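A.B. asks: this is the structure alone, sequence omitted:
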Ligand SMILES: [Zn+2]
């Protein structure tokens, strides 16, 4: 869509989306249909002030690359890891971002760029991205799970991100799926992400191998154990390694239980699975779907479609821009 901007130049109207991660900052200009006009990435510098400067530099670069007039940018969205407050625009602290304590990031970026800015956590925005321009297809209420270091999640209800009274809704990675189960750094035991995140599953396999369980992935030597990844686990499981196949099935089983529980609370049209574990493809999706069918209730046919995320690592950036569009 080409619109006359207020400076008289022709160009697309876009929102800026920014996804701040522990190792990189990804930014993009996205039009109101969800199309990425330009995107760029830079390493995350140390400290929030330097990060705001990096965002400003990326913004300039994107305007040039996308041939977008400054006046054609109507808003910005920014996502970071939490804990944080979307309503206050403050990131409280983050394990992956050193030196970020009680940072009013929304206002810092807004002042630096001269744009209205919306702010939210990266899991929520990745989910909104999939809803707005990805696997959700704006087709009704949707939950997205990102199976990476933890289990990131976002819940989209009536086209809006669900935040909850304490702004910590959708912490699905900390649903307790096993009573007195594996301990989680959050202080609980038996959290979903200890079993079904890429990192949680990898740790489970490493612990089992270190304890002497037979697997082609290790003879118990430390070096081999360190080389075990969610990708090598998926490959071994597919090729019949008993330990990997069992713990992979377990991960699918716990995910399915979480999906059934979420179905009863939220009743979504779609549950989208993304992140490192989902990269394994059918072995994850088929496993979760099969376990879901076994665990589901029989009182109604109110089952979500379970499908794979499609936006990959761009989901957070696209969702940040989409949330800025939704805010208008
Ligand atoms: Zn936990």
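C.D. replies: Cool, got the structure. Given the structure is predicted, the values throughout are model-derived calculations rather than measurements.
A.B. asks: now stretch 250-268: mean pLDDT?
C.D. replies: Mean per-residue pLDDT for stretch 250-268: 98.
A.B. asks: give me the distance from it to the chain's centre.
C.D. replies: Centre-to-centre, stretch 250-268 and its host chain are 17 Å apart (CA atoms, centre = their mean, to the nearest Å).
A.B. asks: how about stretch 87-98?
C.D. replies: That offset, for stretch 87-98, works out to 16 Å (CA atoms, centre = their mean).
A.B. asks: ok, and what's touching it?
C.D. replies: 20-22, 44, 46-48, 80-85, 100-107, 117, 119, 163, 167 (CB atoms under 8 Å, 6 or more residues apart in numbering). C-betas here are computed from N, CA, C, even on glycine.
A.B. asks: out of those, list just those in helices.
C.D. replies: Among those, the members found in helices (DSSP state H) are 48, 105-107.
A.B. asks: derive a ChimeraX selection command for the buried subset of the contacts of stretch 87-98.
C.D. replies: Only the buried entries of these go into this ChimeraX selection, using 16 or more other CB atoms under 10 Å:
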select :20,21,44,48,80,81,82,84,85,100,103,104,105,106,117,119,163,167
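A.B. asks: out of the ones in helices among the contacts of stretch 87-98, flag the one nearest to residue 298.
C.D. replies: Nearest to residue 298 out of the ones in helices among the contacts of stretch 87-98 is residue 106 (CB to CB; 46.4 Å).
A.B. asks: my read: that closest one touches residue 116, true?
C.D. replies: No. With contact defined as CB atoms under 8 Å, residue 106 does not reach residue 116; the gap is 9.6 Å.
A.B. asks: and the longest helix along the chain, what's buried?
C.D. replies: The longest helix of the chain (DSSP H) is helix 242-266. By neighbour count with 16+ other CB under 10 Å, helix 242-266 contains the buried residues 243-245, 247-248, 250-260, 262-263, 266.
A.B. asks: go on, stretch 90-99?
C.D. replies: Buried-residue list, stretch 90-99, by 16+ other CB under 10 Å: 90-91, 94, 97.
A.B. asks: quick one: least confident of those residues?
C.D. replies: Lowest confidence among those: residue 94, with 81.
A.B. asks: so it versus the ion, what's the distance?
C.D. replies: Distance from residue 94 to the ion, counting by CB to the ion, to the nearest Å: 16 Å.
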